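Peer 1: Got a predicted model here, sequence first, then my questions.
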Amino acid sequence: MFDATTAALLRSAPAMPGLNPASIPALLTAQYANLAAARLRGSDEGLEDLVQAWSLERLADTYEILTSLTSDAEIRRPAAFVAGTAQLILARRQTSATEHKPPNIDRDRVDPSLAAAILFLSAEQYADANEAALSIQTNVEGQSYEADILSEDIADLARGRLNEILARSARWRRPIRYADLDERALAALVEALISGVELLAASLLHETPPPLVAGRFDSARHAFETVMNLSASTGESYLPGIEGAILAYAGPHHLASLLLSASDGLALASLFAVPPPIGANTQSWNTWLRSRAKIAPFVWPNHREAIAKGFYQTGVSSVVVLPTGAGKTTVSSLKIGGVLARGKKVVFLAPTHALVDQLTVDLQEMFPADVMGSVVSSDFDLLMLVNAQLRDIEVMTPERCLAMLSFAPEAFQDVGLLVFDECHLLSPEIGRIRRALDAMLCVLGFNHVAPDADMLFLSAMLKNVDDMSDWVAALTGRPCVAVDLPWKPSRQARGVIIYDNGELERARQAAIESQRKEDTRVGTRSASLRQVAKRELSAVPYAIWGLQHNWLSGNSAACITNPISDTRVMLAGSLWETASG
Amino acid sequence: MTVASTPTLTTEAVAIDSDCVGERWKANDEATLARLIAIMAMGQAAYAGHILTTLAPAEPKISTAQLRAEAKIKLTVEEPVKKPRGGYPRWQRDGLIFEAISWLAARQVYPGVLLKTPHVSSTSQGLDGLMIELKGDKTGIARTTIFEDKCTDDARSMFLGRVIPEFKKRHANERSAEIISTATALIMTAGVDEVTATQFAAAVTDQTLRRYRASFAVTADSQNERKKLFADYNRIDNINADQRIGASFVVPPKMRDWFDQLAKQAVDYLNSLDSGSP
């Protein structure tokens, strides 16, 4: 269910009594498989006991408490991730509609759906946060107006829709007179948390603080800390003569603690934390960041690793390998943005016309004409027009690029970057020698006509990243960074349907016997399978689930098996081919 | 030489049956009890006032008289509730007073525990209390106790129909947002060391450290009655008898009248403060 990087994050969570964190990835996957199928069976006893002792509910509760209690980021990040993941799996269960849904936020509680979204932000797992936000029901009957607003804000924060938070900030506040002091105090605490989220959104977008919040708190952190300090107190000063009292608004207190930890992680993940590359116009770089931050304000941890390696720096080429869905286009946009901010052009290669069209649309969204004045095009064709110019970003196939390099090498003079998507196309090993040759000639030809341009190679399946990177460095005569990040944003448990071999053999023998009997009864031998025999061919389907990112752990398989149906299913296929003799 | 004063409440261990252990509480000094309840209601109001003053400094200051008025409303029955509110429905008002008594009893039976001071609950659902007992050296949690405090005319049905199902959910470690928030607030207020945070978190969900305490206001005071009230406690299974606590607060036969007069004494006490202040 988890890639190697994600599994390592889970394994770094603190141990609990009877719970070795090394087993957490397997435990969560087993729990998930348990939900996905009927029940566990045939797994090893140790895991079964662990599943008994550490239910998803207990994992979620325990690690959520720990996240709230600790301010040590090394503990908090994995703890938040364990808690969030356990809740996300639980949320897939059908919830009974009969029970009245309690408020998301009240004096003593924070709904698990809300907590999970914030926990994933603390864990810096933004794709999971986005998914968790989908389970948040923002308006719950019977909860306060402020609880509605904060629920909406947290859902938007988790989905990276920071502009929505700022837009809401300008319109939501209206005087409400709560009769009770307790209710007013609760509303004031929730309002302060909303103010904190608004300040956080403004800071992440590099916008000025919303007018109704500015001046009341110095920062989001200040707002959350204020709520934490106010919402739990020893009672000495309020309860004269009564010792040891504790007064609390435990819901806002816990929420403040979670938001505090999330805001720490978000500050690191801010797109604005990415400095412009050397030679880039800072103003146009920031203008572009601001437009990007409206859509994708958080830089995923894998992209931050690539940034830390300087992959997007001017004069540096790179080979970036990311799994499908891990944001190849997003990561390449940072390099492209930097090149455009230097006033240079970009050639983007994609292997098929369908991909060229798709990427053109994607890049037009990432680099709107009204932000940097950049035009993304896939119409470049010098055969049709004399003196045609390359647009700011030209998307094309390697073959077309090769042709253009021969016809009009001068058009490539002010190109600062060649991006090669699906660059494994360069390898003859995939069996398309002609395409590999054209692609290689394109890269070599480009380097010849634009020797100062950087190159960015992207792939999800390249194996020899370091070799390729060394080769690019040798070709360009400048540094080339190898970036190979296995982290995936998606959590998929991998299962394979299997059948019990003994059961299959018994079904086969029964079918053969029925066929022979029927042959004898009818008096002719049927070449095809008779109905009576077909009916014998059934078995119970099982699923075998991999508990780790790879199926094998040393020499033994890390997997569990469970029946996925209580009833037998009919089998198809030939009876005789598999029969002996 | 100090003279040991009679405690406001008598709290003692009593026998029930082999499935659970019993506690019996009784009021010794109603005037003092009423005064403590008044202070608790006043304390919640003062705390809310402090939060409001801190977060909304521009708002008009909340006077002591306002705080007392607020506390008095908490201790007054108003059915149906009017706007502006002059009191609470009986179940909420008596519920608050009973939770206050349960809180005082817990502090007396288990000194030094972490336990939130009760406030008026907006619903009859949810957690009535989570008590955390720290180890002697405060490096960890010795025990946690989940409270269900019920002030009802039909304690037996309440025990079977509401308390046991609620305890079962907690015993199955179903997700409990209230436990998470409350435990976090209690532990942080106690000032827990970062290093021990992990043990604290684990202990809150550890069933071997868990106890359940169901408490009722009762009018019948005998082992036999307690036995009938708390029968079937063993539906919370796989724990020892001393992890199931049945607590009885013994009140005179006219239970609602008794709560009424106790509340009146508490309100009178608040009124006496009013007349004494400028």
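Peer 2: Everything's here; your move.

Peer 1: Show the pLDDT at residue A:40.
Peer 2: pLDDT recorded at residue A:40 is 48.

Peer 1: what about residue B:128, neighbour count?
Peer 2: Counted by other Cβ atoms under 10 Å in any protein chain shown, the residues lying close to residue B:128 total 22. (C-beta placed from N, C-alpha, C; glycine too.)

Peer 1: got the buried residues for the lengthiest helix in chain B?
Peer 2: As far as residue count goes, and with DSSP state H defining each element, the longest helix of chain B is helix B:30-55. Of the residues in helix B:30-55, those with enough neighbours to count as buried (16 or more other Cβ atoms under 10 Å in any protein chain shown) are B:32-52, B:55.

Peer 1: Go through the helix or strand hosting residue A:263 and flag the buried ones.
Peer 2: Assigned by DSSP states H and E, residue A:263 belongs to helix A:250-269. Of all the residues in helix A:250-269, those buried under the rule 16+ other Cβ under 10 Å are A:250-267, A:269.

Peer 1: same for chain B: which of those are within range?
Peer 2: Of the entries in the buried residues of helix A:250-269, the ones placed beside chain B under the rule of Cβ under 8 Å from any Cβ of the partner chain are A:250, A:251, A:253, A:254, A:257.

Peer 1: Same list, the residues you listed, but as a markdown table with pLDDT please.
Peer 2: Output for these, formatted as a markdown table (pLDDT from 0 to 100):
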| residue | pLDDT |
| --- | --- |
| A:250 | 96 |
| A:251 | 96 |
| A:253 | 98 |
| A:254 | 97 |
| A:257 | 97 |
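
Peer 1: from those residues, which is closest to residue B:7?
Peer 2: Distance to residue B:7, by Cβ to Cβ, is smallest for residue A:250 among these, at 28.8 Å.

Peer 1: I'd assumed residue B:188 was in contact with the closest one.
Peer 2: No. With contact defined as Cβ atoms under 8 Å, residue A:250 does not reach residue B:188; the gap is 9.9 Å.

Peer 1: any idea how far residue A:123 lies from chain B?
Peer 2: 16 Å (Cβ to the nearest Cβ, to the nearest Å).

Peer 1: what's the answer for residue A:240, then?
Peer 2: From residue A:240 over to chain B (counting by Cβ to the nearest Cβ), the distance is 7 Å.

Peer 1: From residue A:535, how far off is the closest residue to that residue other than its chain neighbours?
Peer 2: Setting aside the residues directly before and after it, residue A:240 is nearest to residue B:39 in space (Cβ to Cβ, 6 or more residues apart in numbering or on different chains), at 6.6 Å. Counting by Cβ to Cβ, to the nearest Å, the separation of residue B:39 from residue A:535 is 80 Å.

Peer 1: Contacts for the helix or strand hosting residue A:292 next, please.
Peer 2: Residue A:292 is part of helix A:282-293 when elements are defined by DSSP H and E. The list of residues contacting helix A:282-293 from outside it, by Cβ atoms under 8 Å, 6 or more residues apart in numbering or on different chains, reads A:162, A:204-206, A:270-272, A:274, A:276, A:333, A:337-338, A:340-341, A:366-368, A:371-372.
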